[in-house]
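1. Have a look; sequence and predicted model below, questions after that.
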Amino acid sequence: MADIDVRMDQVSKQFAEVTAVDELTLEIDRGEFFSLLGPSGCGKTTTLRMIGGFEEPSRGRIYLGGKDVTTMAPYRRNVNTVFQSYALFPHLTVFDNVAFGLRRKKVQKTEVGRRVGDALRLVDLPGFERRKPSQLSGGQQQRVALARALVNEPQVLLLDEPLGALDLKLRKQMQLELKRIQNEVGITFLYVTHDQDEAMTMSNRIAVMRHGRIEQIGAPEDVYEAPATEFVAGFLGASNLLDGEVKDSDGSRATIRLRTGDAITVPAERLDGPERKVKVGVRPEKIKLEQDSEPLAGGWNAIEGTLRMATYVGVSHQFTIDGPGDRPLTVYAQNLGAETIPAPGQRVRLVWRPEHTFVVRPSEPLADWEEET
Amino acid sequence: MADIDVRMDQVSKQFAEVTAVDELTLEIDRGEFFSLLGPSGCGKTTTLRMIGGFEEPSRGRIYLGGKDVTTMAPYRRNVNTVFQSYALFPHLTVFDNVAFGLRRKKVQKTEVGRRVGDALRLVDLPGFERRKPSQLSGGQQQRVALARALVNEPQVLLLDEPLGALDLKLRKQMQLELKRIQNEVGITFLYVTHDQDEAMTMSNRIAVMRHGRIEQIGAPEDVYEAPATEFVAGFLGASNLLDGEVKDSDGSRATIRLRTGDAITVPAERLDGPERKVKVGVRPEKIKLEQDSEPLAGGWNAIEGTLRMATYVGVSHQFTIDGPGDRPLTVYAQNLGAETIPAPGQRVRLVWRPEHTFVVRPSEPLADWEEET
Amino acid sequence: MVLPGGAWLFVFFLVPILFLASVSLQTGNIFDGFRLTWHFRNYVDAVQLYHVQFLRSLRYASIATAVTIVVSYPLAYWIAFRGGRHKTTFLFLLLLPFFVSFVIRTLAWQFILADDGIVLGPLKRWHLLPQSFHVLATSTAVIAGIAYNFLPFMALPLYVSLERIDRSVVEAAQDLYANKLEVFRRVIFPLSIPGVFAGVLLTFVPAMGDYVNASILGGTKTTMIGNIIQLEYLTNFHYPIAAALSFILMAVLLLGIFVYARVLGTRSIEEYV
Amino acid sequence: MVLPGGAWLFVFFLVPILFLASVSLQTGNIFDGFRLTWHFRNYVDAVQLYHVQFLRSLRYASIATAVTIVVSYPLAYWIAFRGGRHKTTFLFLLLLPFFVSFVIRTLAWQFILADDGIVLGPLKRWHLLPQSFHVLATSTAVIAGIAYNFLPFMALPLYVSLERIDRSVVEAAQDLYANKLEVFRRVIFPLSIPGVFAGVLLTFVPAMGDYVNASILGGTKTTMIGNIIQLEYLTNFHYPIAAALSFILMAVLLLGIFVYARVLGTRSIEEYV
């Protein structure tokens, strides 16, 4: 079993009337890239701040490397944070910013110079030592913030939506860079984000949070391909959910009958409870669009619908289809350049493999404020 | 021929030492959804502001519906703008915000009430009349800004990165909504953005700008599949460019020899000049990854490389490959759930059809400031 | 914090006020000493004797405040919207005269406006003005002096409120068919109202209590309540009357401030402190 | 704008200054009138006669400014960082005493600190203090008065500069192993320096020219240059000497401001106007 770097044991945090974090229990392994993913207000940042020491839990204990740090002051904890706003010291140069933590720890002067140099090389900013933060672009400030935290070689690096202020191209580039840096330094990264692509691209494991609780925890593939709840399914991408009822189930396969009468086959292990009313879903890239005149291949799930809209987005085509009961369904098809695009209004058949079908527990609908960043 | 709503004739704008817009000539048809796409500082917003009347061109003429408006004050022009910051009047209610333009035009009181109601229904905000902007979420403010402009039924609606402040999910939703609204009202939309997906999803035509000039103009498919310059190729997505030299060319096909010796076939019409040194490219979703032991299908382009990294992003897998001369190449494969993923370090073959190969004019590399939003 | 905060208010606000209140209810004279006799009659006397000066102060302060608005609004507007890169330089130049001490400034003006001073002297000598014409010792001189001296207290909050107006909101109004006048009336002015409110507060309160302008630029017919308090206190040694007058003035001002803050919902004050 | 801006400075800044300069070079007396005789000797006389008061003013203003920093920094700090939702209420309470007129405030203090006043009277009667003990007419009283009266000019810019410090920068320092003292020394204090600079400017300049505190709370040994100017002008009618003194004072202050602004690179002033 791997060493555990961060352990939270039934941690709750109450702000006046609001429960920001609710009985959260979590273990993060040494060297892991772990993401807390969720909409704004889900408690992910509060969780991070409790580990950093900026908030004290109302209940529960927090352990870093086995040591109880629940009430320890931030400056005594061997963790460092990359803040969303970067929080660089505006009156200090890049060098002095990065050296700040080392100097507080009374590291020797020559050692400071060497380690700051290494950290700036790691984030690809050598030669920027004497600039002030205001003379840097957003992406460069982000790198300085990263260097300033990493130079201290913390046990855990906490990252609070560090890429949120960057534009799309730069964000994608920094995602790869962050992953590279984490591989290089081998430090445990705890990453907070509301961007599902970001979390999936970089993480070893993801915890999807909502209303202060973890809804699902697992590898990106597991969370994406087999979401446990309606909320997780919807938060990680388009999910094409349909209401149905469990009809019968043998050892390996179960049949679910939709309201419209179509029968959908799912792997039996995806049914995790005795409920008969369920929601089944399938990811849009798993669906093949066929003309409804083609013969139906055996062993595939199939439903029919009418194409409402086809959108060209370069790498792919996105189709919106009015499915059974006029429910809108989404299908993605890679833009291979050879496909024939059906025209809006045409009847189409959507087929996918039973093993790509998932079954979720229903969630309350998203509140207004959850849309906001 | 369609009516022309906006015509710019060799328009330039000089700010002190900087040429923001350089001899720009442009025609936008009535009812078109036209996007100006480019990095920040490319002159797209200045172009929009000149059409809105907030900047006066240094040289050239601007026509709206055939009428010369080059020096006309903004309040006399029959265009309306949706500002990036929304620019709602903070002291007025939603109703008064939307009614502002109608009242200035002395529209009758009952008519104002009716049209404001219609506009709020169009943007899906009925019942919000008496709120103040500060009581609305970002997405709602954006809708009010849209309603406030559309209610005046302008000849052209100018949109200056209106979705820039929204988060990803909301942005995607508003893109579809904007497209729907434009279909419904039939007004010409001139849309400014630095987000290539946004431009491609919504537009009839796109003008890609850089350094105050238009680099390419055309339908999203044309600009994406056959970019004219290296800059356009890179700005609209990953482009996998390789240096080569034109070897020979018959009527329909030309052969380009790469530095590494591989021969690439391209449609002859893609060569638009006598240069022999060219760059050829292919979009990452057009490439199939094969084991290099498989037999090579005839008529396809093929190069070999080593897989460096495979990234899971839910809907697709992204592969980074060290290609000929260790040039990094990108390949996307839709996550169909049935593919076998090659392991990093493995030798792979990248194959694609000649008709998906494009040839571009080289551009200067991106400057630092062009990365910023 | 309740304790140090309370101590602060107690020592620097309540003690002076309570002390004033106590003195204002005493009787006696400077030779025999004063005793607290709860002599509320002092207030009646103060009002009977000096209500003219009190109302005059109210009038002068109100007019001077109005004048500062009229004068400093265009200045603040121009600097905020047209100042460009030199905004702060302009603002500095605007405020430069006020870095010079209050009294020196006012004295210089007295020199200049004197009956045979640099302005009126030549005009009278050349018979462009009657010999009897004078500026000093008129209410105009006092009001102008007050307005001049308190101008920065109006100009600064106005500038801040105008400067804070989002430029794109102004452009949105232009875009929505508002001409220059309408842009100002419908958007810029309403959004600058917090600045006007703050400026009125900062100008009116000290103007009410001022006595330097009236004593240097004014005459016997322009005495303000501040002069009376000083006179009763420092010259006549009528401490109880002086205290009663101070107390009334302070009460009126504090009441005014509270009502005013109430009306604004404290919002605009909060924005400017 | 060059024109109206220039006109503004001309009328409200240059005219008074030039007029003062002219008066300061005249000779004559109040009965025979004054004439411009380029009598530079007035400056020599002014300095010879009153350099003591001038240096005293410098000293008092410097000490008072230092006192306001020491007193208001903790107050501003506490309100900015610990005030929470009630920040503006605390700030309002802090400033409340200063909404009361300058003179009334100072008079109340004179009442309180008088030799047989509410504080010293009982202490002396109970023989806790010698009969000869007094507070009024000492330099301590004058400096304390100045510091008290100009406190808001220091507290406000300090508050603004502290309030503007990004909280996450403070957290970053804590995160990077800085304890409370180091967080203050390395981050908060350096970032509040613009506020200190602005506060010094706004406190020192009026303190130098002040005469109300010295005349109400002080005695003959605490006369400041402001009192001298007033005396020479209003009582002795030595206009040229008064003008020369004013001119020297103004020149010293303006020179000081410019040097100061230069050192700061005008940045911190810009941030606070």
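-> Structure received.
2. Can you pull the residues of the stretch 151-273 of chain C lying near chain B?
-> Within the stretch 151-273 of chain C, the residues that sit near chain B (CB under 8 Å from any CB of the partner chain) are C:166, C:168-169, C:171-179, C:182, C:186-187, C:190-191. Quick note: C-beta positions are derived from backbone N, CA and C, even for glycine.
3. how far away is the residue lying closest to A:Glu56 once chain neighbours are set aside from chain C?
-> Spatial nearest neighbour of A:Glu56, chain neighbours left out: A:Thr71 (6.2 Å); criterion: CB to CB, 6 or more residues apart in numbering or on different chains. Going from A:Thr71 to chain C by CB to the nearest CB, to the nearest Å gives 24 Å.
4. Longest helix in chain A, please.
-> helix A:168-185 (DSSP state H).
5. what do you get for chain C?
-> Under DSSP H, chain C gives helix C:41-82 as its longest helix.
6. Could you give me the buried positions within whatever helix or strand comes next after that helix?
-> Later in the chain than helix C:41-82, the nearest helix or strand by DSSP states H and E is helix C:87-95. The neighbour-count check on helix C:87-95 (16 or more other CB atoms under 10 Å in any protein chain shown) flags C:87-88, C:90-95 as buried.
7. Now render those residues as JSON lines, adding distance to chain B and pLDDT.
-> Below are the buried residues of helix C:87-95 laid out as JSON lines (distance: CB to the nearest CB, whole Å; pLDDT from 0 to 100):
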{"residue": "C:Lys87", "distance to chain B": "17", "pLDDT": "79"}
{"residue": "C:Thr88", "distance to chain B": "20", "pLDDT": "76"}
{"residue": "C:Phe90", "distance to chain B": "20", "pLDDT": "77"}
{"residue": "C:Leu91", "distance to chain B": "23", "pLDDT": "78"}
{"residue": "C:Phe92", "distance to chain B": "24", "pLDDT": "75"}
{"residue": "C:Leu93", "distance to chain B": "24", "pLDDT": "74"}
{"residue": "C:Leu94", "distance to chain B": "26", "pLDDT": "75"}
{"residue": "C:Leu95", "distance to chain B": "28", "pLDDT": "75"}
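8. which pair in those spans the largest distance?
-> C:Lys87 and C:Leu95 (12.5 Å; CB to CB).
9. Quick check: residues of the stretch 151-300 of chain A near chain B?
-> With CB under 8 Å from any CB as the criterion, the stretch 151-300 of chain A meets chain B at residues A:166-170, A:176, A:194-197, A:200-201, A:220-221, A:224-225, A:236-237, A:283-286.
10. C:Trp126: neighbouring residues, count only.
-> For C:Trp126, the neighbour count with other CB atoms under 10 Å in any protein chain shown is 8.
11. How is A:Lys106 assigned, secondary-structure-wise?
-> coil (DSSP: H, G, I helix; E, B strand; the rest coil).
12. A:Ala20 touches A:Gln14, doesn't it?
-> Yes - judged on CB atoms under 8 Å, A:Ala20 makes contact with A:Gln14 at a distance of 7.3 Å.
13. out of those two, which sits in the busier spot?
-> A:Ala20 (21 against 14).
14. Tell me who's in contact with the closest residue to that one other than its chain neighbours.
-> Take A:Ala20 and drop its neighbours on the chain: the residue closest to it by CB to CB, 6+ apart is A:Thr46, 4.3 Å away. By CB atoms under 8 Å, 6 or more residues apart in numbering or on different chains, the residues touching A:Thr46 are A:13, A:20-21, A:55, A:212.
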